[in-house]
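Visitor: Below is the sequence, then the predicted model.
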Amino acid sequence: MGHEAMTTRSELTAIVLAGGKSSRMGEDKALIPIQRVPLLERVCGIAQSCADVVYVVTPWPERYQDLLLPGCQFIREVPLFGEPLAHGPLVGFAQGLAEVQTEWVLLLACDLPRLRVEVLQDWVTRLDSVGDNAIAALADHPKGWEPLCGFYRRRCLPQLLEFINQGGRSFQQWLQQYPVEVLPLAEPEMLFNCNTPEDLALS
Ligand SMILES: Nc1nc2c(ncn2[C@@H]2O[C@H](COP(=O)(O)OP(=O)(O)OP(=O)(O)O)[C@@H](O)[C@H]2O)c(=O)[nH]1
Ligand SMILES: [Mg+2]
């Protein structure tokens, strides 16, 4: 019987994005407490149950220095040449991915209050059977992929940089160009996204 090596915590890196404008929320979502735990702390804790190395990619690490993020490392993102820093999550991801040393990376937005460790860990066990040509393994929904809670292969970095250099900033448009494997998501509510004060009231 063939023995497939399983992806383990040490073979997975997590990247948490915390660099958005939070314009709909009106204050930095990363710092908003949900059941007394700031969102970024909560998401980083979940990331750490999946991966040994956790990076927080943000233009403003000092803003988060008083959070309890033991073992997480900040990557300070920088503007693209001649552009403002509001470049969006795709560029933040690329700057984080450049530091990754493992085959797979788990990418997480910081505004996901209902993430479930068991689901993410189940997804990790599926990575070994993802086709060699796939650049990512993601949950899908009727309008496209769920790009900010899923897995990417480190080796997609050159394709990502090429897309960005050509002016691309949309995850959906980038992902359309390559094979992506579908991850099962029995309860889509895990990906509930806390963007507005109304969302927060539901959290
Ligand atoms: N590092 C980094 N993260 C980003 C950037 N833009 C968005 N994000 C993150 O991507 C995730 C999804 O962001 P959104 O909810 O779409 O947008 P937002 O900019 O935070 O908020 P809005 O201004 O209301 O759209 C969140 O975790 C953000 O912190 C960026 O330029 N850099
Ligand atoms: Mg959001």
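Guide: That came through, no problem. Numbering: from 1, shown residues only. Ligands and ions are numbered 1, 2, ... in the order given.

Visitor: When you work out contacts or count neighbours from here on, use the C-alpha atoms and nothing else.
Guide: Fine.

Visitor: For C149, which non-adjacent residue is spatially closest?
Guide: Nearest-residue entry for C149: L108, 4.7 Å, with adjacent residues in sequence omitted and distances by Cα to Cα, 6 or more residues apart in numbering.

Visitor: For that neighbour, which residues count as its bridge partners?
Guide: Legend: beta-bridge partners of L108 under DSSP bridges are V16, C149.

Visitor: That one contacts L17, correct?
Guide: Yes - using Cα atoms under 8 Å, L108 is in contact with L17, at 6.3 Å.

Visitor: need the strands for this structure, in chain order.
Guide: Assigned by DSSP state E, the chain shows strands spanning 12-17, 33-34, 37-38, 53-58, 72-76, 104-109, 136-138, 140-141, 144-145, 149-153, 180-182.

Visitor: Could you dump these into JSON lines and include mean pLDDT and distance to A201?
Guide: Shown next, in JSON lines, are those (pLDDT from 0 to 100; distance: least, Cα to Cα, whole Å):
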{"stretch": "strand 12-17", "mean pLDDT": "98", "distance to A201": "22"}
{"stretch": "strand 33-34", "mean pLDDT": "96", "distance to A201": "10"}
{"stretch": "strand 37-38", "mean pLDDT": "98", "distance to A201": "15"}
{"stretch": "strand 53-58", "mean pLDDT": "98", "distance to A201": "26"}
{"stretch": "strand 72-76", "mean pLDDT": "98", "distance to A201": "28"}
{"stretch": "strand 104-109", "mean pLDDT": "98", "distance to A201": "19"}
{"stretch": "strand 136-138", "mean pLDDT": "98", "distance to A201": "28"}
{"stretch": "strand 140-141", "mean pLDDT": "94", "distance to A201": "24"}
{"stretch": "strand 144-145", "mean pLDDT": "96", "distance to A201": "26"}
{"stretch": "strand 149-153", "mean pLDDT": "98", "distance to A201": "22"}
{"stretch": "strand 180-182", "mean pLDDT": "98", "distance to A201": "31"}
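
Visitor: Highest mean neighbour count across those strands, which stretch is it?
Guide: strand 12-17 (a mean of 27; mean count of other Cα atoms under 10 Å).

Visitor: what angle do it and strand 53-58 make?
Guide: 20 degrees (axes from the mean of the first three to the mean of the last three Cα atoms, to 10 degrees).

Visitor: Summarise which helices and strands strand 12-17 is packed against.
Guide: helix 39-48, strand 53-58, helix 89-97, strand 104-109 (3 or more Cα pairs under 8 Å, 6 or more residues apart in numbering; DSSP states H and E).

Visitor: List the contacts of V54.
Guide: 13-16, 44, 47-48, 71-73 (Cα atoms under 8 Å, 6 or more residues apart in numbering).

Visitor: try 7 Å this time
Guide: Listed by Cα atoms under 7 Å, 6 or more residues apart in numbering, the contact partners of V54 are 13-15, 47-48, 72-73.

Visitor: tally of neighbours for E62?
Guide: Using other Cα atoms under 10 Å, E62 has 10 other residues around it.
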